[in-house]
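Colleague: Build me a structure from this.
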Amino acid sequence: MSTDTSLLERFDADRPVVGMVHLPALPGAPGFDGDRDAVRTRALEDARALEAGGIDGLILENFGDAPFYPEDVPNHVVAELTTVATRVTDAVDVPVGINVLRNDAAAAVSIAAAVDVDFVRVNVHVGTAATDQGVIEGRAHETLRLRDRLAADVSILADVHVKHASPVGNRDLERAALETVERGKADGVIVSGPGTGVETPLEDIERVAGAVGDHAAVFVGSGVTIETVGDCFGSGAHGVIVGTALKHGGETTAPVSSERVAELVAAARG
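Modeller: From the prediction side, this is the model:
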């Protein structure tokens with residue numbers, strides 16, 4: 001089997017760097033400050049800063065909504081994310097992905113289909129994970145069927161042993177990665193460190209890349225910096241997803257710095 005290029009071909013780069021648009025708290029979340037326009041303005045500013053720095057794609061995520069709903073988010077969250085996603089896709093000319101935290105893959109695919117974005121990220125696509133939201137079970141069977149019903153041209157990028165969680169059961173990293181692709185039919189997999197901004201061990205990248213072989217694209221999902229991005233690609237990654245390192249001062253909740261984006265993209269190009 002050759003590498004599934006449907007995901008990688010969405011990016012105009014051999015080594016795609018995908019940036020995060022971490023949204024502030026949305027309406028209904030404890031941290032929401034009452035200003036919808038500020039949320040939308042921040043999303044547009046971060047998306048434009050990512051594009052100005054040369055990013056190859058971006059993921060829109062309701063990062064500020066903690067504590068997260070474990071699975072299904074309310075309708076008002078879907079509505080707000082759809083509105084923001086529409087404005088972001090109108091403002092930039094790079095591939096866009098959607099991640100609905102903590103694990104609402106159905107909402108992500110539905111938004112992606114409605115707004116015509118390129119891919120979704122699913123934190124727990126197969127298997128079971130113990131998280132700070134409780135035990136979360138993958139719903140690959142539902143996600144794939146929903147994508148078909150909606151006739152959505154949307155790739156699925158799924159985490160393996162997702163961060164801020166521990167896998168339930170004794171599936172090792174390699175087995176989990178392979179099952180995410182072969183049985184969960186994900187178009188790509190993400191390997192990360194244990195938390196946001198925490199470096200992903202190079203050994204784990206090598207293990208996942210070796211397990212999936214040519215079956216799917218491998219992305220690194222946390223702790224990528226200017227200093228480490230080259231090593232990530234050298235360890236077998238096809239792409240990287242970067243949030244914290246692209247922010248002013250390296251602070252996860254700070255605005256995106258287009259200068260830091262440009263530096264990291266240049267380092268990724270080798």
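Colleague: ok, which stretches of the stretch 151-270 of the chain are strands?
Modeller: Taking DSSP state E, counting those that start in this stretch as the test, the strands found in the stretch 151-270 of the chain are 155-160, 165-167, 188-191, 217-220, 239-242.
Colleague: worst average pLDDT in these?
Modeller: Least confidently modelled of those is strand 165-167, at a mean of 89 by mean pLDDT.
Colleague: What residues sit buried inside that strand?
Modeller: Ala165, Pro167 (16 or more other CB atoms under 10 Å). Every residue, glycine included, has its C-beta placed from N, CA and C.
Colleague: swap in stretch 136-153?
Modeller: Ile136, Gly138, Arg139, Ala140, Thr143, Leu144, Leu146, Arg147, Ala152.
Colleague: send the alpha carbons of it over as CSV?
Modeller: Output in CSV follows, covering the C-alpha atoms of stretch 136-153 (Å, rounded to 0.1, in the frame of the first residue of the first chain):
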residue,chain,number,x,y,z
ILE,A,136,-13.5,9.0,26.4
GLU,A,137,-14.2,6.4,23.8
GLY,A,138,-13.3,6.7,20.1
ARG,A,139,-16.2,6.8,17.6
ALA,A,140,-14.4,6.1,14.3
HIS,A,141,-17.4,4.1,13.2
GLU,A,142,-19.7,7.1,13.5
THR,A,143,-17.2,9.7,12.2
LEU,A,144,-16.4,7.9,9.0
ARG,A,145,-20.1,7.2,8.3
LEU,A,146,-21.0,10.8,9.0
ARG,A,147,-18.4,12.0,6.6
ASP,A,148,-19.8,9.7,3.9
ARG,A,149,-23.4,10.8,4.5
LEU,A,150,-22.4,14.5,4.2
ALA,A,151,-20.3,13.8,1.1
ALA,A,152,-17.6,15.9,2.8
ASP,A,153,-14.2,16.1,1.2
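Colleague: what about it, distance to the chain center?
Modeller: 17 Å (CA atoms, centre = their mean, to the nearest Å).
Colleague: And for stretch 45-52?
Modeller: Chain-centre distance of stretch 45-52: 17 Å, with CA atoms, centre = their mean.
Colleague: Quick one: mean pLDDT for it?
Modeller: The model assigns stretch 45-52 a mean pLDDT of 98.
Colleague: outside of it, which residues touch it?
Modeller: 19, 21-22, 58, 60, 88, 91-94, 246, 255-258, 261 (CB atoms under 8 Å, 6 or more residues apart in numbering).
Colleague: quick one: furthest residue from the center of the protein?
Modeller: Gly34 (26.6 Å; CA atoms, centre = their mean).
Colleague: per-residue pLDDT, that one?
Modeller: 96.
Colleague: what's the answer for Val78, then?
Modeller: So, for Val78, pLDDT stands at 98.
Colleague: what sits against the closest residue to it other than its chain neighbours?
Modeller: Closest residue to Val78 apart from its sequence neighbours, by CB to CB, 6 or more residues apart in numbering: Ala107 at 5.0 Å. By CB under 8 Å, 6+ apart, the residues touching Ala107 are Asp72, Val73, Val77, Val78, Leu81, Val100.
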